[in-house]
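Q: Need coordinates for the following:
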Amino acid sequence: MLNAPLVLVVDDDADSRTLLEMALSLSGYTVETAVNGRDALESARRNPPRLILLDLAMPIMDGFTFRTEQLRDSTLAAIPVICVSGRHDAARVSKRMHVAACIPKPFDLATVIDHVRHIVSV
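A: Next up is the predicted model:
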């Protein structure tokens, strides 16, 4: 879709990535994906998204390290992040990360889309 807001989905789980990518695309968003925080930083620097959906537990660079690096980068720091994680303590730890929301896995797609729409209008 032309001029559709870009959402970056960062998750090492292929099923979660695919599901989120499909649902967001059908809801009118342009979607890029990354399998870890390092790839997500490269992607965001190349093409800054309007929103990032971020898993916490990933190899190479986890969500915590990604968020720390994101906040240190003045060109990326203002991009809102929604944490999407299966960690039992995700809601508690994500508060320290200054994210817009935290959605537990397994997630409800309607809830994810509602949160995205609240932050980024199509």
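Q: For the rest of this, base every contact and every neighbour count on C-alpha atoms.
A: Noted.
Q: What residue, apart from its backbone neighbours, is nearest Cys102 spatially?
A: Ranked by Cα to Cα, 6 or more residues apart in numbering and with sequence neighbours excluded, the top spatial neighbour of Cys102 is Cys83, at 4.5 Å.
Q: I meant to write Arg45 there.
A: Nearest residue to Arg45, sequence neighbours excluded (Cα to Cα, 6+ apart): Leu76, at 7.3 Å.
Q: The one you found contacts Arg46, doesn't it?
A: No - in this structure Leu76 lies outside contact range of Arg46 using Cα atoms under 8 Å: 10.7 Å.
Q: between the two, who's got more neighbours?
A: Leu76 (18 against 9; other Cα atoms under 10 Å).
Q: contacting residues for that one?
A: If a contact means Cα atoms under 8 Å, 6 or more residues apart in numbering, then Leu76 has 44-45, 48, 70 as its contacts.
Q: Check which helices and strands the one helix or strand the residue nearest to Cys102 maps to sits against.
A: Secondary structure assigned from DSSP states H and E places Cys83 in strand 81-85. Judged by 3 or more Cα pairs under 8 Å, 6 or more residues apart in numbering; DSSP states H and E, strand 81-85 is in contact with strand 51-54, strand 101-104.
Q: hey, which of those is tucked in deepest?
A: strand 51-54 (a mean of 26; mean count of other Cα atoms under 10 Å).
Q: Residues contacting the strand or helix carrying Thr65, please?
A: For Thr65, the host element (DSSP H and E) is helix 63-72. Outside helix 63-72, the residues within contact range by Cα under 8 Å, 6+ apart are 36-38, 40-41, 54-57, 76-78, 97.
Q: List the strands paired with whatever helix or strand Val9 lives in, with their directions.
A: Secondary structure from DSSP H and E places Val9 in strand 6-10. Neighbouring strands of strand 6-10 in its sheet, by DSSP bridges, are strand 30-34 (parallel), strand 51-54 (parallel).
Q: Make a markdown table from those strands and add mean pLDDT and distance to His118 to it.
A: As requested, these are exported to a markdown table (pLDDT from 0 to 100; distance: least, Cα to Cα, whole Å):
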| stretch | mean pLDDT | distance to His118 |
| --- | --- | --- |
| strand 30-34 | 98 | 16 |
| strand 51-54 | 98 | 11 |
